[in-house]
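Participant: Just the structure for this:
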Amino acid sequence: MHLPDHTLLIVDDEKNTREGLRLSLEDEFDVYVAANLVEAEEVLKSESIDVMLTDLRLGGESGLDLIDRALAQPQPPVCILMTAYGSVDVAVEAMKKGAYDYVSKPLNIDELEIVIKRAIRSRAVERENVALKAQVSDRYGLENLIGRSVVMRPVFETVRQVAPTRATVLIEGESGTGKELVGRAIHHLSGRPKSKLVTVHCAALSEQLLESELFGHERGAFTGAVERRIGRFEEADGGTLFLDEIGEIDANIQVKLLRALGERTIERLGSNKPVNVDVRVVAATNKDLGEMVREGTFRDDLYFRLNVVSIRMPPLRERKEDIVLLVDAFLKEFAEENGKPPMELTAEAMQMLLDYDWPGNVRELRTVIEHGVVMSNTGKIGLRHLPHFLRDGSLGGLRSGSGKRVALSGVAAVSVEPEDLNLAKMEERLIRLALDRTGGNRTEAAKRLGISRRTMHRKLKEMGLEE
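Facilitator: All right, here's what the predicted structure looks like:
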């Protein structure tokens, strides 16, 4: 294994030893030599050294002192100690000071090469870990929440304040506003960022599956339970459990979740043995839980448990001054991801984004920018590179006779031509569009349309979409 790009500093006060080591190792490494601490420090300050191999005794000086100074450098080398006075005590002291390993004289060159190469691999892994931690910090830290608008300031302030605590947090806001990003930021800035962050999307599972997902089950607890399964509460023990769409859980799960939060214990399905869990819960919802409490569809005691600290994520239409910042971030992300040159929007394209009401919020904006990056073969994204619904007015507000758009209370609108002005047809198109935009969630679609669930049910029957 030839490693000519890796640097090695040999420090020994005996000229024959250091020169002999240089001759033996210079085919494999870029070798520097020093006879004492002063010469060694000069090399360390002027060169980037991967591995330092130093003798224990350097005249009247100590190689252990040199290890201290080497490890204090901005980019410290991996340190290996050579000694003819090898002993357990010397090895322990060297390791305490941060040495990677030690070798005894007389040296076996082949064995020494193995130790050096292993040290280089260790350094590479360490650097990679530092880089990965930096990436994780950039991706999941507060830095990933983009915004300078007045309505975003309380979000940043609350996240910083609550993150280091154990308090349960409820994040409220429309779909696509970035609630999960806030949850990740809270976990990353907490006192337990090295522990697990476990996410459960509550709306995606049936009652029994969700109960098993959260609390686990014993073998034979239900049909198909062929072995014990650890639930997400146990998986997140010592870390954070993020419960998305918490407003979708039914009464039975609400009771068990309330107990888990209050007593910090859970029971697997098919067992009555309590399991202690140390979990910080962060929940998110696009529903008004307070209204659900008043309607009797959500337990008030669970609501109070979850709502120790609340964070409201504002919709994008309330923070349009952040659109330019978000666009810049998404342009950079998708240009790099798709191997494109740096990109920017034309003034007309940017104005169109600023005029749009963004019913899908930041998630929708992100998708639009990805579309533009993919469709453009130059460094510019113009109107023709944006999705059709933005260009032809099929979403984002009905066009009046003057060409202006009319807001529809958060529901993406449909395009209207003069010959299409049939109220019943328009109503059906709006209902279908609302259902499509909410993934078939009739309650949410009714809310966006400004009608009751009973009215939605009746209109779906009239349309032949529900029996």
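Participant: what residues go with each domain of the chain?
Facilitator: Following automatic domain parsing, the chain resolves into domains at 7-136, 145-314, 317-462.
Participant: for the record, mean pLDDT for the shortest one?
Facilitator: In this model, domain 7-136 has a mean pLDDT of 84.
Participant: Give me the distance from that domain to the chain's centre.
Facilitator: 37 Å (Cα atoms, centre = their mean, to the nearest Å).
Participant: One more: stretch 369-376?
Facilitator: Worked out by Cα atoms, centre = their mean, stretch 369-376 lies 23 Å from the chain centre.
Participant: contacting residues around it?
Facilitator: With contacts defined as Cβ atoms under 8 Å, 6 or more residues apart in numbering, stretch 369-376 is touched by 327, 330-331, 334-335, 338, 340, 343, 345, 349, 381-382, 385-387. Any C-beta I mention is one placed from the backbone N, CA and C, and that applies to glycine too.
Participant: please redo it, this time with the cut-off set to 10 Å
Facilitator: The contact list for stretch 369-376 (Cβ atoms under 10 Å, 6 or more residues apart in numbering) reads 326-338, 340-341, 343, 345, 349, 353, 380-388, 390.
Participant: Give the buried residues for that stretch.
Facilitator: Ile369, Glu370, His371, Gly372, Val373, Ser376 (16 or more other Cβ atoms under 10 Å).
Participant: Just the closest of those residues to Val43, please.
Facilitator: Val373 (47.2 Å; Cβ to Cβ).
Participant: quick one: which helix or strand includes Ser310?
Facilitator: Using DSSP states H and E, Ser310 sits in strand 309-312.
Participant: continuing past that strand, what's the next helix or strand?
Facilitator: Strand 309-312 is succeeded, C-terminally, by helix 323-337 (DSSP H and E).
Participant: Next SSE downstream of that next one?
Facilitator: Note on helix 323-337: by DSSP H and E, the next helix or strand toward the C-terminus is strand 344-345.
Participant: before we move on, the earlier item: same list (the buried residues of stretch 369-376) but as TSV, adding secondary structure and distance to Arg148.
Facilitator: Converted to TSV, the buried residues of stretch 369-376 look like this (DSSP: H, G, I helix; E, B strand; the rest coil; distance: Cβ to Cβ, whole Å):
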residue	secondary structure	distance to Arg148
Ile369	helix	18
Glu370	helix	23
His371	helix	25
Gly372	helix	23
Val373	helix	23
Ser376	coil	27
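Participant: Among these, which one sits closest to Glu245?
Facilitator: Checking those one by one against Glu245 (Cβ to Cβ), the nearest turns out to be Glu370, at 23.9 Å.
Participant: For the closest one, give its distance to Arg363.
Facilitator: Separation of Glu370 from Arg363 (Cβ to Cβ, to the nearest Å): 11 Å.
Participant: ok, now Glu42?
Facilitator: Using Cβ to Cβ, Glu42 is found at 56 Å from Arg363.
Participant: Please say which of these two ends up with more neighbours.
Facilitator: Using other Cβ atoms under 10 Å as the criterion, Glu42 and Arg363 rank with Arg363 on top: 15 against 12.
Participant: Could I get the pLDDT score of that one?
Facilitator: 94.
Participant: what do you get for Gly270?
Facilitator: For Gly270, the model assigns a pLDDT of 88.
Participant: wait, it sits on Phe222?
Facilitator: Yes. Contact criterion Cβ atoms under 10 Å: Gly270 and Phe222 qualify, at 7.4 Å.
Participant: what touches both of these two?
Facilitator: Overlap of the contact sets of Gly270 and Phe222 (by Cβ under 10 Å, 6+ apart) consists of Ser212.
Participant: Under a three-state scheme, what state does Met52 occupy?
Facilitator: Classification of Met52 by DSSP: H, G, I helix; E, B strand; the rest coil places it in strand.
Participant: contacting residues for it?
Facilitator: 7-11, 32, 34, 40, 43-44, 63, 66-67, 70-71, 73, 76-81, 99-100, 119.
Participant: and it, bridged to which residues?
Facilitator: Leu9, Cys79 (DSSP bridges).
Participant: burial of Glu235, as a residue count?
Facilitator: Count around Glu235 with other Cβ under 10 Å applied: 16.
Participant: pLDDT score for it?
Facilitator: Here, the pLDDT recorded for Glu235 equals 92.
Participant: From Ile431, how far off is it?
Facilitator: 40 Å.
Participant: And the contacts of the helix or strand hosting Leu64?
Facilitator: Using DSSP H and E, Leu64 maps to helix 63-71. With contact meaning Cβ under 10 Å, 6+ apart, helix 63-71 is reached by 9, 11-13, 34, 36-37, 40-41, 43-44, 49, 52-58, 62, 76-83, 90, 93-94, 96-100, 102.
Participant: Understood, closing this out.
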